[in-house]
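# I would like the atomic coordinates for the input below:
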Amino acid sequence: MTSIDFTKTSTYADLLHCWGNEDYELDGLNYELHYCETISRDQAVDDEGHAMYDEYVFRKPGEEYDEIVKTFTAEQVEQFAQTW
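Just a heads-up that it's a prediction; the model follows:
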């Protein structure tokens, strides 16, 4: 799928919404190391557009618990990065 085709998908619309919403925090998950950390959006991909984590979770922090808004795969985030 080309980056132009990707911009026509609901996944792109969801990512664009989450990416631009400063109320959402972003977590990167590493399956191999069983590790999750809060990251800034510029840490999601490297300079060549390769995903730095296996999965990405946008969440809205709450007083008692965080609300998971949406999750994305590494491949989806890489496709999103190609549209920049």
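
# going forward, measure contacts between C-alpha atoms and count neighbours the same way
OK.

# Just give me the residue closest to the centre of this structure.
Nearest to the mean C-alpha position of the chain, by Cα atoms, centre = their mean, lies Y56 at 4.4 Å.

# Are we agreed that it is in a helix?
No - going by DSSP: H, G, I helix; E, B strand; the rest coil, the assignment for Y56 is strand, not a helix.

# And the strands in the chain?
Ranges of strands in the chain, per DSSP state E, are 25-30, 35-39, 55-60, 67-73.

# Show the model's pLDDT score for the residue nearest to the centre of the chain.
Model confidence at Y56, given as pLDDT, is 98.

# what number of residues lie near E55?
20 (other Cα atoms under 10 Å).

# hang on, it packs against E78?
No - the criterion here is Cα atoms under 8 Å, and E55 misses it with E78 at 11.0 Å.

# Grab the longest helix from the protein for me.
Across the chain, the longest stretch assigned as helix under DSSP state H is helix 10-20.

# tell me the mean pLDDT for that helix?
pLDDT averaged over helix 10-20 gives 95.

# Could you tell me how far it lies from the centre of the chain?
Its chain's C-alpha centre and that of helix 10-20 lie 9 Å apart, by Cα atoms, centre = their mean, to the nearest Å.

# And for the protein, the residue most distant from the center?
E64 (23.4 Å).

# And the contacts of the longest helix of the chain?
F6, T7, Y24, R41, F58, K70, F72, Q76, V77, F80 (Cα atoms under 8 Å, 6 or more residues apart in numbering).

# wait, the first one sits on Q79?
Put plainly, it is F6. Yes - judged on Cα under 8 Å, F6 makes contact with Q79 at a distance of 7.1 Å.

# And those two? Which one has more around it.
The residue with more neighbours, out of F6 and Q79 and counting by other Cα under 10 Å, is Q79; that gives 21 against 17.
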